[in-house]
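*Asks:* Take a look and give me a structure for this.
(4 chains)
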Protein chains: 2
Amino acid sequence: MMGDAKKLRILLVDDHPLMRQGIARVIEKDEELTVCGEASSVSEALKIVERSRPDLACVDLSLENSNGVDLVRSLTHMDPPIPCLVISMHEDLAYVEKAFRAGACGYLLKRESAEKLTTVIRQALRGEVFTSSQITSSMLERLIHPNNDQEPAPQEMLTAREYEIFCLFGQGSARTEIADQLSISVKTVDTHVERIKETLHLDSTFQLIHRSVKHCLKVGLL
Amino acid sequence: MMGDAKKLRILLVDDHPLMRQGIARVIEKDEELTVCGEASSVSEALKIVERSRPDLACVDLSLENSNGVDLVRSLTHMDPPIPCLVISMHEDLAYVEKAFRAGACGYLLKRESAEKLTTVIRQALRGEVFTSSQITSSMLERLIHPNNDQEPAPQEMLTAREYEIFCLFGQGSARTEIADQLSISVKTVDTHVERIKETLHLDSTFQLIHRSVKHCLKVGLL
DNA sequence: GTTAAGGTGGGAAATGTTCCCACAAAAAAA
DNA sequence: TTTTTTTGTGGGAACATTTCCCACCTTAAC
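*Replies:* Next up, the predicted model:
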């Protein structure tokens, strides 16, 4: 019981209970680490942080009904800041970018091994920055071939609003209909469309619809 | 051997040997019916018809490299005409329509029972018109709800040229590009587009693209 | 507190769509 | 055979969309 006081306290945030259990087990195995709380949403996590300030938070990026990125931003901007290690299933660099822009100090892929986790947690607590080796090589790849666009996932490239409109196109709404549904001006829809096309390297609305239908079909929106 | 002379002679046209065997077996079981020939293509069928004029032809609509509808048209427009019973796997009313417009006197779904087949053949030989009950109810449904379009297959509804253009849209070409590829005027493409939309009950080019992409994805053109 | 990013819109020229119309060839119907 | 329908080909003009600029406001980010 005495030793617990010296242990570094870690908060787990993931909406999958089984995943939390797995991570917790790995952490508890380490004599210097302990889990001080578990949360499945941003609000839960913030409550736990208030009453028991953890030394580190392990945050899953894709939380149900809320965004792990926002949590990371909150935690890393507190006084004093709580370092955040993102544990994500997404290899996509767009996620990585969002996480680090929000203040994360590490990005670990979920399929990484258990030993890696404790290693990374220690690194994070020492203030070191970490990414999984796949992520590192992806970043290097992008560094070397900056214009290597091979149909990136629209969700990652577009803002929430843009993606919303993008999908509405794919689901069969035309610009005027989208404007009605969203209660915004057609011109606003047009501007969004412009940005979407720019981001996705599309030359015309025709190509946009084309891409959107394909995407919606792929993700089961149609 | 004497009895055979009085038997009603039936020609089988289907490109699946096993299916022909199945139908033949059912027919031969009936004392009043006999199979006078089998063919897997239109040309084969016409040869058999010349040398042994059957009393009835059972024709599959989807023949390899040729079209059962054309055969039906030929047979039912001979002098004297040879009645045709279409045996098809397609429940779609578009097929039914084409078959009857070509002169078929019956339309039987392949998944119908064996007993049904002999019953229907007798009906056909008596000059009665028959459709499977599913087809009948589909027609009634359409009669009651005329604008209840349940996405019929575009290939069946459109002419060859129209379908060509329809698919080019789905594969990413815009109207001007299609005009270039086909070496025709953009206006011609526009007219085709108009007809396609009319046939498919589409309200806008937008919906056309939408439908086309879905279709191309379904048939593996994308 | 200045910069960057996201969401909101307008104006005007270019482009695309739609609804007419027409004509010729081929196919179907009479 | 002759007539009618279907198919493929196009034009003109009104209308709608797209595209390219631009601007404003708000909310993070640095």
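*Asks:* What is the neighbour count of A:V193?
*Replies:* By the criterion of other C-beta atoms under 10 Å in any protein chain shown, A:V193 has 19 neighbours. In this view, the C-beta of every residue, glycine as well, is placed from N, C-alpha and C.
*Asks:* now the residue of chain A found nearest DNA strand D: how far from chain B?
*Replies:* DNA strand D sits closest to A:S204 of chain A, with a gap of 3.3 Å, by C-beta to the nearest atom of the strand. Distance of A:S204 to chain B, given as C-beta to the nearest C-beta, to the nearest Å: 6 Å.
*Asks:* Let me see the contact set for that residue.
*Replies:* Each residue near A:S204 by C-beta atoms under 8 Å, 6 or more residues apart in numbering or on different chains is listed here: A:197, B:174.
*Asks:* at 7 Å what do you get?
*Replies:* By C-beta atoms under 7 Å, 6 or more residues apart in numbering or on different chains, the contact set of A:S204 is B:A174.
*Asks:* cool, the one 3 residues further on as well?
*Replies:* For A:Q207, the set of contacting residues under the criterion of C-beta under 7 Å, 6+ apart consists of B:G172.
*Asks:* go on, A:S62?
*Replies:* A:G68.
*Asks:* where along chain A do the strands fall?
*Replies:* Under the criterion DSSP state E, chain A contains strands at A:8-13, A:33-39, A:56-59, A:62-63, A:66-67, A:84-88, A:106-109, A:130-131.
*Asks:* Now distance to A:V49 and mean pLDDT too, for those strands, in CSV please.
*Replies:* Output for those, formatted as CSV (distance: least, C-beta to C-beta, whole Å; pLDDT from 0 to 100):
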stretch, distance to A:V49, mean pLDDT
strand A:8-13, 7, 91
strand A:33-39, 8, 91
strand A:56-59, 8, 91
strand A:62-63, 15, 71
strand A:66-67, 15, 70
strand A:84-88, 11, 87
strand A:106-109, 18, 84
strand A:130-131, 22, 74
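*Asks:* Let me know which of those is the nearest to A:S173.
*Replies:* A:S173 lies closest to strand A:66-67 among the strands of chain A, at 25.3 Å (C-beta to C-beta).
*Asks:* Those residues of chain A touching DNA strand C, which are they?
*Replies:* Within chain A, the positions near DNA strand C by C-beta under 7 Å from any atom of the strand are A:159-162, A:182, A:184-185, A:187-188, A:190-192, A:206.
*Asks:* what's the most distant pair in the residues you listed?
*Replies:* Farthest pair in the residues of chain A next to DNA strand C, by C-beta to C-beta: A:A160 and A:F206, 24.4 Å.
*Asks:* Looking at these two, which is more packed in?
*Replies:* Legend: neighbour count by other C-beta under 10 Å for A:A160 and A:F206, higher for A:F206 (18 against 9).
*Asks:* can you list the residues of chain A near DNA strand D?
*Replies:* A:73, A:101-102, A:174-176, A:186, A:190-191, A:193-194, A:197, A:203-206.
*Asks:* Need the CA coordinates for stretch A:189-198. PDB is fine.
*Replies:* The C-alpha trace of stretch A:189-198 is given here as PDB (Å, rounded to 0.1, in the frame of the first residue of the first chain):
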ATOM      1  CA  VAL A 189     -22.900  25.100 -50.100                       C
ATOM      2  CA  ASP A 190     -21.000  26.200 -53.200                       C
ATOM      3  CA  THR A 191     -18.100  27.500 -51.200                       C
ATOM      4  CA  HIS A 192     -17.900  24.300 -49.200                       C
ATOM      5  CA  VAL A 193     -18.000  22.400 -52.500                       C
ATOM      6  CA  GLU A 194     -15.100  24.500 -53.800                       C
ATOM      7  CA  ARG A 195     -13.000  23.700 -50.700                       C
ATOM      8  CA  ILE A 196     -13.900  20.100 -50.800                       C
ATOM      9  CA  LYS A 197     -12.800  19.800 -54.400                       C
ATOM     10  CA  GLU A 198      -9.600  21.600 -53.700                       C
END
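*Asks:* Just the residues contacting it, thanks.
*Replies:* Residues outside stretch A:189-198 that contact it (C-beta under 7 Å, 6+ apart): A:158, A:161-162, A:165-166, A:175, A:178-179, A:205, A:208.
*Asks:* go on, stretch A:76-89?
*Replies:* By C-beta under 7 Å, 6+ apart, stretch A:76-89 touches A:49, A:54, A:56-61, A:72, A:75, A:95, A:99, A:102-110, A:120-121, A:124.
*Asks:* where's the residue of chain A closest to DNA strand D relative to A:Q171, distance?
*Replies:* For A:S204, the distance to A:Q171 (C-beta to C-beta, to the nearest Å) stands at 19 Å.
*Asks:* repeat for A:V86
*Replies:* 31 Å.
*Asks:* more neighbours, these two?
*Replies:* A:V86 (29 against 14).
*Asks:* got the buried residues for stretch A:69-88?
*Replies:* If you call a residue buried by 16 or more other C-beta atoms under 10 Å in any protein chain shown, then stretch A:69-88 has these buried ones: A:69, A:71-76, A:82-88.
*Asks:* Out of the helices and strands in chain A, which is least certain?
*Replies:* helix A:133-144 (a mean of 59; mean pLDDT, DSSP states H and E).
*Asks:* which ones are touching the residue in chain A that chain B sits nearest to?
*Replies:* With C-beta to the nearest C-beta as the measure, A:V213 is the residue of chain A nearest to chain B, at 4.1 Å. Going by C-beta under 7 Å, 6+ apart, A:V213 touches A:170, B:210, B:213-214.
*Asks:* Just the ones in helices from these, please.
*Replies:* Among these, the members falling in helices (DSSP state H) are A:170, B:210, B:213-214.
*Asks:* where does the residue nearest the centre of chain A fall, phi/psi-wise?
*Replies:* Nearest to the geometric centre of chain A sits A:L61, at 3.5 Å (C-alpha atoms, centre = their mean). Main-chain dihedrals, A:L61, degrees, to the nearest 10: phi -70, psi -40.
*Asks:* Likewise for A:E128?
*Replies:* Dihedral angles (degrees, to the nearest 10) for A:E128: phi -90, psi 150.
*Asks:* Where does pLDDT dip in chain A?
*Replies:* Chain A contains residues with pLDDT under 70 at A:1-5, A:16-19, A:64-66, A:93-94, A:111, A:133, A:135-154, A:220-222.
*Asks:* Identify each of the helices in it and give its residue range.
*Replies:* Under DSSP H, chain A gives helices at A:17-29, A:42-51, A:68-76, A:93-102, A:114-125, A:133-144, A:154-157, A:160-170, A:175-182, A:186-200, A:205-218.
*Asks:* Who are the packing partners of the shortest one?
*Replies:* Judged by 3 or more C-beta pairs under 7 Å, 6 or more residues apart in numbering or on different chains; DSSP states H and E, the packing partners of helix A:154-157 are helix A:93-102, helix A:160-170, helix A:186-200.
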